[in-house]
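J.: Provided below for reference: sequence and predicted model.
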Amino acid sequence: MSGIARVVRHGPVHLATEAFADPGQPPVLLIMGATASMLWWPDEFCRALAGKGRFVIRYDNRDVGRSTTGLPGEPGYTIDDMAEDAVAILDAYGLAHAHFVGMSLGAMIAQIVALKHPSRVASVTAISSARLDEDDPDLAPMDPRLLEHFGRIAGLDWSDREAAVAFHVESFRISAGRQATFDAERARSRAEREYDRAINPQSAMNHAMLTGGERYRGRLGDIRAPFLVIHGRHDPILSFAHGVRLAEAVPGAGLVSLDDAGHELNERDWGLIVEEIHAHTSGPGRRPAP
């Protein structure tokens, strides 16, 4: 089973998408996090989820992969615009609604869609994410190793493929957390594919400058779509407490912990994650609000 590529047009924006399995099955839209393309939803993961009887769609957000890419340092769009991109993909595929599965920033995009377009969201699964409106200073900050690593980005020559790939591999290693078994070979392979596929690898960093979502502050309790949080116990970017707070903010939300995971989709956890998504998208739950 291989994915079928398709470009979706949303006004002046082109979004690279790829679909797996039968369009007649319940649709699942995978939304990846900041600076990462659809490749972070590995082919094997998508095929495993599709094998559970789901029509799986993954895509490149703006400024990553093969989607519309602007100049580095000039995003020119907000997280609200990215939420509208997700809805445009449903429209292009002729889908009235879909189950949304978001990773990190991707789950924050899903939160906005669930609030702004509730009828389009059958359920939400938020992986390694946080409340869209979270700003509690008492929550654990990002691992200082990652802050130090990204502090070197100003001196990175993005035209140097080897240097850019090495930078990303180190990012992956730190993001995996101190408890995780890190597969350097797999990480390097993904970083090389990511670099070679990107229109402009440096533009992915525009995601660090994103604004938006302000109108939805304090409104997560209004989400009516069935909601599931999956979070690593050793997440060095968004601590496990962020996942707990997100689950507490959405009525009836479930919480699944990945005991050895960081901020990642580790291969050893794919089976559990796929099973949890399958179960979450199988029950009657609450229907999307009209």
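T.: Cool, got the structure. Just so it is clear, the model here is predicted, and its values are computed rather than measured.
J.: buried set for stretch 3-13?
T.: Buried positions in stretch 3-13, judged by neighbour count with 16 or more other CB atoms under 10 Å: 3, 8, 10, 13. Backbone N, C-alpha and C define where each C-beta goes, glycine included.
J.: just stretch 38-45 next, same as before
T.: For stretch 38-45, the neighbour count (16+ other CB under 10 Å) marks 38, 39, 40, 41, 42, 45 as buried.
J.: Can you tell me which of the residues you listed is nearest residue 264?
T.: Comparing these against residue 264 with CB to CB places residue 40 closest, at 9.0 Å.
J.: The residue found closest to the closest one once you drop the neighbours it is linked to in the chain: neighbour count?
T.: If the residues on either side of it in the chain are set aside, residue 40 comes closest to residue 32, at 4.9 Å by CB to CB, 6 or more residues apart in numbering. Residues lying near residue 32 (other CB atoms under 10 Å) number 25.
J.: Report the distance from the one helix or strand residue 109 maps to to the chain centre.
T.: Following DSSP states H and E, one finds residue 109 within helix 105-116. Relative to its chain's centre, helix 105-116 lies at 10 Å (CA atoms, centre = their mean, to the nearest Å).
J.: hmm, who's touching that helix?
T.: Identification of contacts with helix 105-116 by CB atoms under 8 Å, 6 or more residues apart in numbering yields 30-34, 61, 79-80, 82-83, 86-87, 100-102, 120-121, 124-132, 207, 210, 213, 216, 219-220, 222-225, 227.
J.: What is the burial count for residue 76?
T.: As a burial measure, residue 76 scores 11 neighbours (other CB under 10 Å).
J.: now residue 97
T.: Using other CB under 10 Å, residue 97 has 19 neighbouring residues.
J.: how much space is there between it and residue 91?
T.: According to CB to CB, to the nearest Å, residue 97 stands 11 Å off from residue 91.
J.: What is the end-to-end distance of stretch 4-21?
T.: Stretch 4-21 has an end-to-end distance of 9 Å (CA to CA, to the nearest Å).
J.: Break down this structure into its strands, ranges please.
T.: Residue ranges of the strands in the chain, as given by DSSP state E, are 4-10, 13-20, 27-31, 55-59, 98-103, 121-127, 227-232, 254-258.
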